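1. this one's sequence-less:
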């Protein structure tokens with residue numbers, strides 16, 4: 001599942017199948033990742049099924065706006081609405 005960005009504290013989740021290459025995403029504030037990653041934005045550039053778990057548990061490659069590329073679990077990201 002990919003969380004849809006919201007100004008509220010709680011997130012609205014969509015199905016992981018909707019995680020499309022080219023979709024704009026943001027690292028979730030409550031992801032448990034280091035603080036320097038939280039809130040960064042980027043574009044999905046790849047996705048893979050988790051080879052050790054459920055096929056819904058996607059690993060997503062994100063090209064961050066600063067040019068770096070990094071892998072995230074799908075639940076660590078929020079979708080950004082187009083035009084936002």
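-> Received the coordinates, thanks. Small disclaimer: the values here were computed from a predicted structure and weren't measured.

2. what about the chain, any weak spots by pLDDT?
-> For the chain, the stretches with pLDDT under 70 are 1-17, 82-84.

3. again, only using 50
-> For the chain, residues meeting the criterion pLDDT under 50 lie at 1-9, 12-14, 84.

4. tell me, which strand in it spans the most residues?
-> Counting residues, the longest strand found in the chain (DSSP state E) is strand 41-49.

5. Would you mark the buried spots in that strand?
-> With burial defined by 16 or more other Cβ atoms under 10 Å, the residues of strand 41-49 counted as buried are 41, 42, 44, 47. C-betas here are computed from N, CA, C, even on glycine.

6. Tell me the helices and strands packed up against that strand.
-> On a contact count with 3 or more Cβ pairs under 8 Å, 6 or more residues apart in numbering; DSSP states H and E, strand 41-49 meets strand 24-27, strand 58-64.

7. Quick check: which of the ones you listed is buried the most?
-> Highest mean neighbour count among the helices and strands packed on strand 41-49 (mean count of other Cβ atoms under 10 Å): strand 24-27, with a mean of 20.

8. from the chain's centre, how far out does stretch 52-65 sit?
-> Computed by Cα atoms, centre = their mean, to the nearest Å, the separation of stretch 52-65 from the middle of its chain amounts to 8 Å.

9. before we move on, back to that, and the angle for the longest strand of the chain with strand 58-64?
-> With axes from the mean of the first three to the mean of the last three Cα atoms, to 10 degrees applied, the angle from strand 41-49 to strand 58-64 works out at 150 degrees.

10. Quick check: residue 48 touching residue 55?
-> No - in this structure residue 48 lies outside contact range of residue 55 using Cβ atoms under 8 Å: 10.2 Å.

11. Just the endpoints, please. Distance across stretch 61-77?
-> Terminal residues of stretch 61-77 are spaced 11 Å apart (Cα to Cα, to the nearest Å).
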